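J.: just need the structure, nothing else, for what follows:
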Amino acid sequence: MSLPSPVAGFSSKAYQSVAEAKAWADVVREALGDGRGTGHYICVPHPILPLMRTWLEGTGMDVGVQDLSRFTPGPHTGDVTAELLAGLGCRYVMLGHPERRRDYGETWELVAEKAARASENGIVPIIIAGEANRDDDIRAVVSEQLGYILGAISPEADLLIAYEPAWAIGVADAAPPEHVVGAIAIVNDLLSSRPGSSRIVYGGSAKSGTYAAIVKAGQGNPAGVPDGVFLGRAGLDPHTFLDSVAEVENSQHQ
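T.: Presented below is the predicted three-dimensional model:
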């Protein structure tokens, strides 16, 4: 299945209670009913997955999770396998996020193993790639990161890359639009020979207006315009998420 474009996504991280997640979904379902959310997605903690799929029924939105196990089913206490998640209708899984690499010491070798498990079970990996520091060599850093992933999954498998420079995560503003355009052009170039469906979104303190600003900065350089935007903290407000849905959809008509 080919990936949609353009696309808006949201990761709720570990912020929401069950009641808060349902309230978020109620607002989004009201706005995106009758399939108007087709192609857009949310990534939630594992226990919320089946609930969110029910709450968003009729919108067309996909639901994913924020992590999964590198193991196949077996004696791995506490792990949540790709096989189990696939059976629950999981569409996406986030992998390689700087928060998990910082808090749990996850290496890119481990991230690649998880990507393989996901892809083998029909779950699309969302690989969070990007440089740690603003003056890092983006091509060198992202090429190394993606090298692990592209060596672990089938060349024909669907893949979503979220370009999220670590220095722009959890701060007041997204990375400057001109910086994003340059970085996205590099990522597109690194993926240019890949036969499978690949999409690139921008994350990292994204909010209302972020995608529109990137599109404006990318006029004349279409390779630098991402296929969508991926919200974190700002997306906790469902109206902000809906604004981003409108932004990426309106970009088709510009």
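
J.: quick one: the strands in the chain, in order.
T.: Under the criterion DSSP state E, strands of the chain are mapped to 7-11, 41-44, 62-65, 92-95, 124-129, 159-163, 198-202, 228-231.

J.: I'd like those as JSON lines, with distance to Ala23 appended.
T.: The C-beta positions use only the backbone N, C-alpha and C, and glycine is treated the same way. Listed next are those as JSON lines, based on distance: least, CB to CB, whole Å:
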{"stretch": "strand 7-11", "distance to Ala23": "14"}
{"stretch": "strand 41-44", "distance to Ala23": "13"}
{"stretch": "strand 62-65", "distance to Ala23": "16"}
{"stretch": "strand 92-95", "distance to Ala23": "22"}
{"stretch": "strand 124-129", "distance to Ala23": "24"}
{"stretch": "strand 159-163", "distance to Ala23": "25"}
{"stretch": "strand 198-202", "distance to Ala23": "25"}
{"stretch": "strand 228-231", "distance to Ala23": "17"}
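
J.: mind putting the ones you listed in a markdown table, mean pLDDT included?
T.: Listed next are the strands of the chain as a markdown table, based on pLDDT from 0 to 100:
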| stretch | mean pLDDT |
| --- | --- |
| strand 7-11 | 98 |
| strand 41-44 | 98 |
| strand 62-65 | 98 |
| strand 92-95 | 98 |
| strand 124-129 | 98 |
| strand 159-163 | 98 |
| strand 198-202 | 97 |
| strand 228-231 | 98 |
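
J.: ok, which of these comes nearest Leu51?
T.: strand 41-44 (8.4 Å; CB to CB).

J.: dump the residue contacts of Glu106.
T.: 96, 100 (CB atoms under 8 Å, 6 or more residues apart in numbering).

J.: and it, what are its phi and psi?
T.: Phi and psi for Glu106, reported as degrees, to the nearest 10, are phi -70, psi 130.

J.: for Ile127, see how far away it is.
T.: Distance of Glu106 to Ile127, computed by CB to CB, to the nearest Å: 12 Å.

J.: kindly report the same for Asn133.
T.: Taken as CB to CB, the span from Asn133 to Ile127 is 19 Å.

J.: where does the stretch 101-250 of the chain dip in pLDDT?
T.: Scanning the stretch 101-250 of the chain for pLDDT under 70 picks out nothing.

J.: quick one, helices of it?
T.: For the stretch 101-250 of the chain, the helices defined by DSSP state H, counting those that start in this stretch cover 108-120, 138-150, 177-191, 210-217, 238-250.

J.: between Glu106 and Ile127, what contacts are shared?
T.: With CB under 8 Å, 6+ apart as the test, Glu106 and Ile127 both reach Gly96.
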